[in-house]
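J.: Okay, sequence plus prediction incoming.
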Amino acid sequence: MSTEIYLNKPEELFAALEKELADPENTVVVQIAPAVRVAIGEEFGYPSGEDLTFKTIGLLNALGFKHVVDTPLGADINIYEEAYEILNALERKDDNYFPIFNSCCIGWRLYCSRAHQKVCQHISPIASPHMITGSVIKHYFSKKLNKPKEKIISVSIMPCVLKKYESLERFSDGSTYIDYVVTTRELAQWAKKRGLDLRKVNEGKFSEFLPNSSKDGVGFGVTGGLVEALLTTMAHILEVKKEAESFRTNEPIKERQVKIGEYTLNVVSINGFGNFEKVLKEIESGERKFHFVEVMNCPYGCVGGPGQPLPVNDEILKARAAGLRLAADKKRSIAIVPQENPTVQMLYRELLGRPGSEKARELLYFHKIKL
Ligand code: SF4
């Protein structure tokens, strides 16, 4: 288990990971964020935006990881919990609860904690999909394998250098959600160092312990995906129809009024801090009122993250965004919304109880925030 975040120290990170993988007492489990699958190919001669989910799993298997889990599983759980929290606040007519801001972007959370302390109080208390997937990996594998969670090593492949800071977050007992974070670029560098080529590895499969994620969870990696997921999930809970695809554009600010059952929701999806500042001024002046605000630091969301392959330009970002929306749609045959995902259903049955339960709050919400 690491206490280092290995910023700018890839060689030391690879050596530490190889040591963990070689330790027979460990079960090392790796998660892959949605945005990684449509960008890693650029390091190996594929066009931008090509969905290489199963090739990436194969590459990780070749590096020695036996269990690969999809971060969109954590996104599914995040949005399932968030949808219940928002519906509960609407039902009790709690206007002070709103606006609620997303927790999934670490860049946004770091910025907010330094520039807008008052706004921080309105960031969702539900941990990011990355941290939730780490928590589920630690607790579910520990239970299934009857091993202490310290021996379950949680590794993440992320499009974002800043995600390394989430390995500093702790549960109330001091234990970690995440032990190591490897960026997309670092994964390619590590694989090349080991003589591995993404084009030549066999395709792999997600771990049989936690195999599924939904369309909504995969869409998190691109701007608007989170709001789309939230609205479709809320509509599903209320058993009303709602098509949320109008968020599938790359505008920097997407503001919509959406009717779900008896509720009319004002929501906005923003990418880039400059755009956030414009919207915040309108919120503070009372000109605008929102129920939910999605803020992503990077252009087009995580597909444009600082740990993704370089060089990058608008054409590349557009291709990654389009590729990820297509990759999300491929998941429709498994599950459209989190509550249809068989792995989410199993986790609530075996580990979490119901959304908002004491166990869910213990395992899925922020505890000791270090940021
Ligand atoms: S939007 Fe950018 S800073 Fe935020 S989590 Fe994604 S990659 Fe990281």
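T.: That came in fine, so what should we check first?
J.: Contacts for stretch 346-360, please.
T.: 77, 80-81, 83-85, 88, 136, 139-140, 143, 210, 363-364 (CB atoms under 8 Å, 6 or more residues apart in numbering). The way it works is simple: take the backbone N, C-alpha and C, and place the C-beta from them, glycine included.
J.: pull the CA atoms of it into PDB?
T.: Output in PDB follows, covering the C-alpha atoms of stretch 346-360 (Å, rounded to 0.1, in the frame of the first residue of the first chain):
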ATOM      1  CA  MET A 346     -25.700  -7.400  -6.600                       C
ATOM      2  CA  LEU A 347     -23.600  -4.900  -4.600                       C
ATOM      3  CA  TYR A 348     -26.700  -3.300  -3.000                       C
ATOM      4  CA  ARG A 349     -27.900  -6.800  -2.200                       C
ATOM      5  CA  GLU A 350     -24.600  -8.100  -0.800                       C
ATOM      6  CA  LEU A 351     -22.800  -5.100   0.500                       C
ATOM      7  CA  LEU A 352     -24.600  -1.700   0.500                       C
ATOM      8  CA  GLY A 353     -28.200  -2.300   1.500                       C
ATOM      9  CA  ARG A 354     -30.100   0.500  -0.200                       C
ATOM     10  CA  PRO A 355     -29.200   4.000  -1.500                       C
ATOM     11  CA  GLY A 356     -28.500   6.300   1.500                       C
ATOM     12  CA  SER A 357     -28.200   3.400   4.000                       C
ATOM     13  CA  GLU A 358     -25.700   3.600   6.900                       C
ATOM     14  CA  LYS A 359     -23.500   1.200   5.000                       C
ATOM     15  CA  ALA A 360     -23.700   3.200   1.800                       C
END
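J.: doesn't Ile178 make contact with Glu171?
T.: Just so we're on the same page, residue 171 is Phe rather than Glu. No. At 11.3 Å, Phe171 does not count as touching Ile178 under the criterion of CB atoms under 8 Å.
J.: quick one: which of those two has more around it?
T.: Taking other CB atoms under 10 Å, Phe171 and Ile178 do not tie; Ile178 has more neighbours (28 against 18).
J.: Hmm, that one is touching Ile153, no?
T.: No. Counting by CB under 8 Å, Ile178 stays clear of Ile153, with 9.8 Å between them.
J.: Can I get the buried part of the contacts of stretch 346-360 as one PyMOL selection?
T.: Entered in PyMOL, the line below selects the buried ones among the contacts of stretch 346-360, by 16 or more other CB atoms under 10 Å:
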select buried, resi 77+80+81+83+84+85+136+139+140+210+363+364
